[in-house]
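Colleague: What follows is a predicted structure for the sequence shown.
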Amino acid sequence: MESDPRMVLDLALPQIGGRGGGAEPFALERAIVYHEKVLAKVADEFERYTLTGKLRISEENLRRRGDAVVKVVLDRLAKIAAGQEHFCGYCGKAGVETRCSKCKRAYFCSLCQALGWKYHKVWCL
């Protein structure tokens, strides 16, 4: 399973109180990491959830829609990598210009600046 190349994009994770591996408001992880670390953490924090041993592959019509989401995400990431777009590191809001005063690399909207610091300070220079 460690060599499994499948990736998981979960945009609904925050709806059940979860965050991605880097505390993002989504999960884009290798399938094994998503299942064993991200979902396991959510299940541990909320006792009413039971983590199963099953990963299901989506039906064809869902995969096509998923491919469209992947394209949008990759296009946005390309703009971000080129420095053409910035987003809030906590909520994901696009077009923010306020940067971390310490590292000058992370961006946060005014509503999330204090909330985002809790997670960002772990990686901040």
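Modeller: Right, received. Where do you want to start? None of the values given here were measured: they were computed from a predicted structure. Numbers count the residues shown, from 1 in each chain.

Colleague: so where do the strands sit in the protein?
Modeller: For the chain, the strands defined by DSSP state E occupy 7-10, 27-30.

Colleague: Now for P5: which residues touch it?
Modeller: The neighbours of P5, taking C-beta atoms under 8 Å, 6 or more residues apart in numbering as the test, are R30. All C-beta atoms are positioned from the backbone trio N, CA, C, and that covers glycine.

Colleague: From C112, how far off is the residue lying closest to R30 once chain neighbours are set aside?
Modeller: Nearest in space to R30, with sequence neighbours left out and distances taken as C-beta to C-beta, 6 or more residues apart in numbering, is M7 at 6.1 Å. Taking C-beta to C-beta, to the nearest Å as the measure, M7 falls 26 Å from C112.

Colleague: quick one: which of those two has more around it?
Modeller: Higher neighbour count among M7 and C112: C112, with 20 against 13, using other C-beta atoms under 10 Å.

Colleague: what stretches of this structure score poorly on pLDDT?
Modeller: Confidence mapping of the chain against pLDDT under 70 gives the ranges 1-2, 15-16, 45-58, 62-63.
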